[in-house]
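Asker: Quick one, fold the following:
(one chain, ligands or ions: 1)
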Amino acid sequence: GKPVCECNTCYGGPHCSLFSPDCAADVNSGDPLFLEPFWMQHAASSAVVIAGWHRMSYTFSDHSYISRELENHIRRVHAVARNAITKGKHLIFGGGSTQLLAAAVYALSINLSSPAEVVAAVPCYPDYKTQTDFFENMHFEYDGDALLLKNSSDTTANVIEFVTSPNNPDGNLREAVVSQGVSVGAIYDHAYYWPHYTAIPAPANEDVMIFTISKLTGHAGTRLGWAFVKDEDVYQKMLSYIAEAEQGISREAQLRALKLMKTILNGDGMELFEYAYKKMSDRWRKLSDIVSLSKRFSIQEVPSLFCNFFEKVRGPSPAYAWLKCERNEDTNCTAVLRAANIIGRAGSLFNVEDRYVRLSLLKSDDDFNLLLLRLDKLVTQDDDRK
Ligand code: PMP
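Answerer: Residues are numbered from 1 along each chain as shown. Predicted structure coming up:
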């Protein structure tokens, strides 16, 4: 018969009930569906219904691009997670944190007398380059690896550094590294600075800190990010960027985010973090157990650290595995994995060798279990087993 719905790539047949044994483990994207079961468990309390007449006006019509109610709830979620000092900082929303990354570059560079060099230490999240190149103008340009500033002899260059902590792809906690030129600001991308993915050694307290609902609740499609900004002038410039680009952020996105924050804050507010940490650390353990049998592959080491949220030393639970092919001939690690039916993201996208490949640990249980199955097979077949 005819399929009644579109099947997941791994399933076929009339009711999507037949597992196709040859399907690939697709762990390419950072889509955080690992949290879907949590929201299924909280389906009623997180549901949103919006009457047709509700809040129809432009967001500027009440003199605010920002729902104060949502702002207060976000500040409370940070207080529970103990991952950021938000007091004394302005909060601004963006269409995903993606838009705020661009808004911050704009705000830090618009009044400079010479263009800013925008850098990030490698391996780094690719969108800093793609977005900065896309929007490049007379005020800024992308200049690559923060450790290899092109103009390193030019001590007067204005530098804006993206600092991703914990880092995508390798999960390391990072600090700004630029020592050449004149730093006009660091943009701290804390998308993964939640107990889900890392120990929180201390609450973050930088001048520009960017977070996103995508990696906090998993609602990547809601497209809502927020920045905490210390400096009034930088805040005003970021606000004018959002006003110019978007005329503010969708009220529906803000309303859904508010409902999710309220659900998170139910009781002592710890449940989501405990759930997410348990799931991610469990995934990491299972993956590490398999990779540890192999001499052909290795993954990054993530140290156990004291965590301000759990108030104890806790083990690793990174969002991604940063896998390395150790054999000399395996210069294209993505192809090695692809031959074993695993789709990862090539190292070259993160500005390093293709001997590395990023595997997302954020996807659904099905995707993750398939990854384990395929990886186990690859490692077990391997002559180089330890
Ligand atoms: N920063 C980092 C480091 C990311 O990994 C991502 C998404 N994968 C983003 C920013 C963008 O997230 P969003 O636009 O969904 O908020």
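Asker: who's in contact with whichever residue of the stretch 201-350 of the chain sits closest to the ligand?
Answerer: Of all residues in the stretch 201-350 of the chain, the one sitting closest to the ligand is T212 (3.1 Å; CB to the nearest ligand atom). In this view, the C-beta of every residue, glycine as well, is placed from N, C-alpha and C. Residues in contact with T212 (CB atoms under 8 Å, 6 or more residues apart in numbering) are G96, S97, A191, L224, G225, W226.
Asker: Quick test: name the residue nearest the centre of this protein.
Answerer: Nearest to the geometric centre of the chain sits A191, at 4.4 Å (CA atoms, centre = their mean).
Asker: what's near enough to touch that one?
Answerer: The contact partners of A191, by CB under 8 Å, 6+ apart, come to S97, T164, N168, I210, F211, T212, S214, K215.
Asker: what does S109 give?
Answerer: If you count contacts by CB under 8 Å, 6+ apart, S109 has them with P115, A116, H139, F140, N158, I160, V184.
Asker: and of these, the nearest to the ligand?
Answerer: Within the contacts of S109, proximity to the ligand (CB to the nearest ligand atom) peaks at I160, which comes in at 15.4 Å.
Asker: Quick check, that closest one in contact with F140.
Answerer: Yes: taking CB atoms under 8 Å as the definition, I160 is a contact partner of F140 at 6.8 Å.
Asker: start to end distance for stretch 36-49?
Answerer: End-to-end distance of stretch 36-49 (CA to CA, to the nearest Å): 19 Å.
Asker: which ones among the contacts of T212 are found in strands?
Answerer: Among the contacts of T212, the members found in strands (DSSP state E) are L224, G225, W226.
Asker: Sheet partners, orientation included, of the host helix or strand of E161?
Answerer: Element membership for E161 (DSSP states H and E) is strand 158-164. Its sheet considered, strand 158-164 pairs with strand 116-120 (parallel), strand 182-189 (parallel) by DSSP bridges.
Asker: burial measure for H78, as a count.
Answerer: 24 (other CB atoms under 10 Å).
Asker: Is any residue of the helix or strand in which it is found near the ligand?
Answerer: In this structure, H78 sits in helix 68-81 according to DSSP H and E. No: on the criterion CB under 6 Å from any ligand atom, helix 68-81 is out of touch with the ligand, staying 13.6 Å away.
Asker: ok, residues contacting that helix?
Answerer: With contacts defined as CB under 8 Å, 6+ apart, helix 68-81 is touched by 84, 86, 91, 93, 194-195, 200, 216, 226, 254, 257-258, 261-262, 264-265, 268-270, 273, 309.
Asker: Now that we have those, which of them are buried?
Answerer: Among the contacts of helix 68-81, those scoring as buried are 84, 86, 91, 93, 194-195, 200, 216, 226, 254, 257-258, 261-262, 264-265, 273, 309 (criterion: 16 or more other CB atoms under 10 Å).
Asker: All the helices of this structure, in order from the start?
Answerer: 36-41, 68-81, 96-109, 127-135, 213-216, 232-246, 251-265, 271-291, 333-339, 365-381 (DSSP state H).
Asker: can you redo these as JSON lines with mean pLDDT?
Answerer: JSON lines is the format used below for these (pLDDT from 0 to 100):
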{"stretch": "helix 36-41", "mean pLDDT": "98"}
{"stretch": "helix 68-81", "mean pLDDT": "96"}
{"stretch": "helix 96-109", "mean pLDDT": "98"}
{"stretch": "helix 127-135", "mean pLDDT": "97"}
{"stretch": "helix 213-216", "mean pLDDT": "98"}
{"stretch": "helix 232-246", "mean pLDDT": "95"}
{"stretch": "helix 251-265", "mean pLDDT": "96"}
{"stretch": "helix 271-291", "mean pLDDT": "98"}
{"stretch": "helix 333-339", "mean pLDDT": "97"}
{"stretch": "helix 365-381", "mean pLDDT": "95"}
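Asker: Just say which of those is most tucked in.
Answerer: helix 213-216 (a mean of 26; mean count of other CB atoms under 10 Å).
Asker: quick one: which of the contacts of S109 has the most company?
Answerer: Neighbour counts for the contacts of S109 (other CB under 10 Å) peak at I160, which has 27 neighbours.
Asker: ok, what's across the strand from that one?
Answerer: Here I160, judged by DSSP bridges, has bridge partners V118, G185.
Asker: need the residues of the protein near the ligand, please.
Answerer: 30, 96-98, 125, 164, 168, 189, 191, 212, 214, 220, 225.
Asker: Nearest to Y106, out of those: which one, please.
Answerer: T98 (13.4 Å; CB to CB).
Asker: roughly how far apart are K262 and E271?
Answerer: 13 Å (CB to CB, to the nearest Å).
Asker: tell me, what's touching I160 and F140 both at once?
Answerer: V105, S109, A116, E117, V118.
Asker: Show me which pair in those is furthest apart.
Answerer: Maximum pairwise distance among the shared contacts of I160 and F140 (CB to CB): 11.1 Å, between V105 and E117.
Asker: of all of the stretch 1-150 of the chain, which residue lies closest to the ligand?
Answerer: Taking CB to the nearest ligand atom, the stretch 1-150 of the chain has G96 as its residue nearest the ligand, at 2.8 Å.
Asker: Spit out the contact partners of Q99.
Answerer: G225, I242, A245, E246.
Asker: Please identify which two of the residues you listed are farthest apart in space.
Answerer: Farthest pair in the contacts of Q99, by CB to CB: G225 and A245, 13.2 Å.
Asker: can you pull the pLDDT of T59?
Answerer: We have a pLDDT of 81 for T59.
Asker: isn't it right next to I249, touching?
Answerer: Yes: in this structure, T59 is within contact of I249 by CB under 8 Å, at 6.9 Å.
Asker: which one of these two has more residues nearby?
Answerer: Taking other CB under 10 Å, T59 and I249 do not tie; I249 has more neighbours (25 against 21).
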